[in-house]
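Novice: Turn this into a structure:
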Amino acid sequence: MGVSLRLKNTFRRIMERPGTTVDLRPFSKLLPEIEDRGVELRDVTDEELTEAAGQAKDLVEICAVGREAADRALGERAYDVQMLGVQCLIGKTVAEMATGEGKTLVAAIAAYGHVQLGNGPVHVITVNDYLAKRDADWMRPVYDLLGLTVGYVTGASTPEERRDAYAKNVTYVSVSEAGFDFLRDQLITDPEARIQPELTCAIVDEADSILIDEARVPMVLAGMIPNEQDPVHSAAGLVKSLIPKRDYEISEDGRSANFTAKGLAKLEEELGGINLYDSEHIEQLSAVNVALHAQALLERDVDYIVRNGKVELIDEMRGRVAQRRRWPDGLHAAVEAKEGLSASAEGEVLGTITVQAFLGLYQTLCGMTATAVHVGDELREYFSLEVAVIPPNTPCVRTDEEDKIYATFAERDEALVELISSLHEDGRPVLIGTLDVSESQRLAHQLREAGVECAVLNAKNDDEEAAIIAEAGKYGAVTVSTQMAGRGVDIRLGGSDQADYDRVAELGGLFVIGAGRHNSRRVDDQLRGRAGRQGDPGGSIFFVSLEDDLVRHHASDAIPAWPKMKFGGLVEDERVTAAVEHAQRVAEGVNHEIHRNTWRYSIVIEQQRKALAERRKRLLETDVAGDLLRSTYPETTEDLDDDELNKMGRDIALYHLDRLWAEHLAELAEVREGVHLRALGRVDPLDEFHRSAVPAFNALIPEIEKRTLETFEEIDDADGFEDGWEPERAELIRPSATWTYLVNDNPFGSELDRLVSIVGKSLKSRR
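Specialist: Numbers count the residues shown, from 1 in each chain. Here you go, the predicted model:
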């Protein structure tokens, strides 16, 4: 059964590729030339190799020199398939390479190639700080031999360290840190303060995760604003006393909760007998509804964890903490209130850009991942990137078994523990992938009760993850993990030293078990791909329950009332198997539509940001603001020093530009929330958004000039030129503190979307 399924999956993937992937034949034709040139390079000295590296200008020479440098520096001679990967990255595509095929080395040689071809400096974009530092340090000897400099940026890097790292030929940096540095540079008032150079070339690791899954995530630079009373915290106290099913109800899909008539009456009484649906109490109504969602729908250790007195979100795609990420619409504050924590600062948004828009700024973009074919259409639509499928160096002999589907969670888990115990008794290493933190902890507890010791890898111990993963292939090892996407560490049979390789291989290699299907086939494939690395033996299977969220939300209507079932709750019904596969495709389609719709709103904001950024650059790097003051007030400015007048004009104009942009972003946020109400009148919300956003921006540019001149007049009236110019004298006060964070998707839609639904249902219940 396992072999036939593998052949079926291979056939399916082949059928998905015609016309959608890059033809590798032109690159393959160069492999003999690369090999021949490599033979010649084996006899040159290190100094001669470095000299040759600096002169390389074509693919053959770049690949041959890069391969030789890696062999000498690391003892790793790149395979032909890795040379294909290098050529594809230099050819500006996304290379799909299986787990364990050496993508890190491929990226290093490709980065060298882009520098040599004039596309540098190069940023290698990673999913986290750990991989940025690890890969830069790991590949440093290769870059040294190639005559290139390399650096890395992490969240702990100082401005000086960041500036130094970006000055290198190649910089390794997480996507969020690169984006935050970009946003900070948009607020500098002195060109010398710039941290990040022009965005020329990016090689994106885990390309599908960053370019698709995280694409719509807004990165935010916020500034200090005076503390205001937070209505959500007081609302959270009221909601905690409510009783489920009596005072509120949760929808079947788990994405909304609504007050019953009794619950609403109880709240209104505790608030002093008010009518929450009066227009004067709309903010209070919004607060109690957000508090209800936090209380009823967001689960600790599933959606977030609490650590060091803070609420930390869990990245659904990776099953680990999403650093510096917040929910919007007051939801984050509501969860903090639910957990009895003080509200963390959200601040006024000074600048924002989505991951997709930021990466789209690079002149050259390419990437690599183990799972790209499934999102080939999206990569083409949003980034004009094609996918190149690189074959593995050694054919995959992993045995992929058919899913086992059970009626209930309990029956599934019982069968799961029984299988793991049996495999562990034989000494075969097992890796179990769970969908969330609480499930990983529950399964680990069940295994220990059954006498099976296991290592647990989840959002709560991410600092130890590399060591845990490295030993997951050891004889007798049992590892329970949340999603494996972006972990960045290979699992070697027999442990990190491969001491027990033969014994483990004889048992069938690493066996991967998925405890439930994810919303994305790619994430499941990444988990499955941890076994069968570089031709190793291995196996995989997924255990599914009809109570899984994926099935309940996207396939409940397709499940027959009385499916064919065996003792122990094992479902053996082709209709159910088809329904589970269908549910996953539906979930992927929903996420694709959300991405497309979100991007439709983001396009106009990004166009406006670019236009304003160009104007800001002119103000920062030229004397255009000083010239404006001279031409408008020739008599006042004739006795002022030119340099001081230029600085004065620049400071004033930049202050007002930044201030107006922050106000514009706040206005657009309100407009975007409000336009959803107009959909009730059969008006396209996107059209309404554009009707508000475009005129507002068109009015912004002349307003910058107007405010600049008004400020100069006020300074003149106050004799502000006597003691030298300082922005503070004109009360041009910038935020005393700024910070960065990412805005996580609100899992329940926009606040007004929810409000419209809630108002409608509550009014019906009152009739």
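
Novice: Show me which residues of stretch 533-541 are buried.
Specialist: Across stretch 533-541, burial judged by 16 or more other C-beta atoms under 10 Å covers 533, 534, 536, 537, 538, 539, 540, 541. Just so you know, the C-beta spots here come from the backbone N, C-alpha and C atoms, and that holds for glycine as well.

Novice: what about it, how long is it end to end?
Specialist: Stretch 533-541 has an end-to-end distance of 16 Å (criterion: C-alpha to C-alpha, to the nearest Å).

Novice: Name the residues that touch that stretch?
Specialist: Contact with stretch 533-541 is made by 2, 98-101, 392-404, 490-493, 505, 508-514, 527-528, 531-532, as judged by C-beta atoms under 8 Å, 6 or more residues apart in numbering.

Novice: one more time with 7 Å
Specialist: With C-beta atoms under 7 Å, 6 or more residues apart in numbering as the test, stretch 533-541 has contacts from 99-100, 393-395, 397-401, 404, 490-491, 493, 505, 508-513, 528, 531-532.

Novice: out of these, which are buried?
Specialist: Buried, going by 16+ other C-beta under 10 Å: 99-100, 393-394, 398-400, 404, 490-491, 493, 505, 508-513, 528, 531-532, out of these.

Novice: related to what we said a few turns ago, which ones among the buried residues of stretch 533-541 lie within strands?
Specialist: Per DSSP state E, strands hold the following members of the buried residues of stretch 533-541: 538, 539, 540, 541.

Novice: Flag the shaky bits of the stretch 651-767 of the chain, pLDDT-wise.
Specialist: The model of the stretch 651-767 of the chain has pLDDT under 70 over residues 673-682, 717-725, 727-730, 744-767.

Novice: Show me what whatever helix or strand residue 523 lives in packs onto, helices and strands only.
Specialist: According to DSSP states H and E, residue 523 maps onto helix 521-528. Counting contacts by 3 or more C-beta pairs under 7 Å, 6 or more residues apart in numbering; DSSP states H and E, helix 521-528 packs against strand 510-515.

Novice: quick one: the strand it packs on to helix 521-528, angle?
Specialist: With axes from the mean of the first three to the mean of the last three C-alpha atoms, to 10 degrees applied, the angle from strand 510-515 to helix 521-528 works out at 140 degrees.

Novice: pLDDT on strand 510-515, on average?
Specialist: For strand 510-515, mean pLDDT rounds to 96.

Novice: Could you do stretch 140-155 as well?
Specialist: Averaged over stretch 140-155, pLDDT sits at 97.

Novice: export that stretch as PDB, just CAs?
Specialist: C-alpha atoms of stretch 140-155 as PDB (Å, rounded to 0.1, in the frame of the first residue of the first chain):
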ATOM      1  CA  ARG A 140      31.600  32.300   6.500                       C
ATOM      2  CA  PRO A 141      34.700  30.100   5.500                       C
ATOM      3  CA  VAL A 142      33.200  29.700   2.000                       C
ATOM      4  CA  TYR A 143      32.700  33.400   1.600                       C
ATOM      5  CA  ASP A 144      36.200  34.100   2.800                       C
ATOM      6  CA  LEU A 145      37.700  31.800   0.100                       C
ATOM      7  CA  LEU A 146      35.500  33.500  -2.400                       C
ATOM      8  CA  GLY A 147      36.800  36.900  -1.400                       C
ATOM      9  CA  LEU A 148      33.400  38.200  -0.100                       C
ATOM     10  CA  THR A 149      32.400  39.600   3.300                       C
ATOM     11  CA  VAL A 150      29.400  38.300   5.200                       C
ATOM     12  CA  GLY A 151      27.400  39.600   8.200                       C
ATOM     13  CA  TYR A 152      24.100  38.900  10.000                       C
ATOM     14  CA  VAL A 153      21.400  40.900  11.800                       C
ATOM     15  CA  THR A 154      19.300  39.700  14.700                       C
ATOM     16  CA  GLY A 155      16.800  41.400  17.000                       C
END
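
Novice: Pull out the buried positions in it.
Specialist: Within stretch 140-155, the residues that qualify as buried are 140, 142-143, 145-154, counting by 16+ other C-beta under 10 Å.

Novice: Outside of that stretch itself, list whatever touches it.
Specialist: Residues outside stretch 140-155 that contact it (C-beta under 7 Å, 6+ apart): 46, 49-50, 53-54, 66, 69-70, 72-74, 108, 112, 115, 129, 132-133, 136, 139, 162, 164-165, 168-173, 177.
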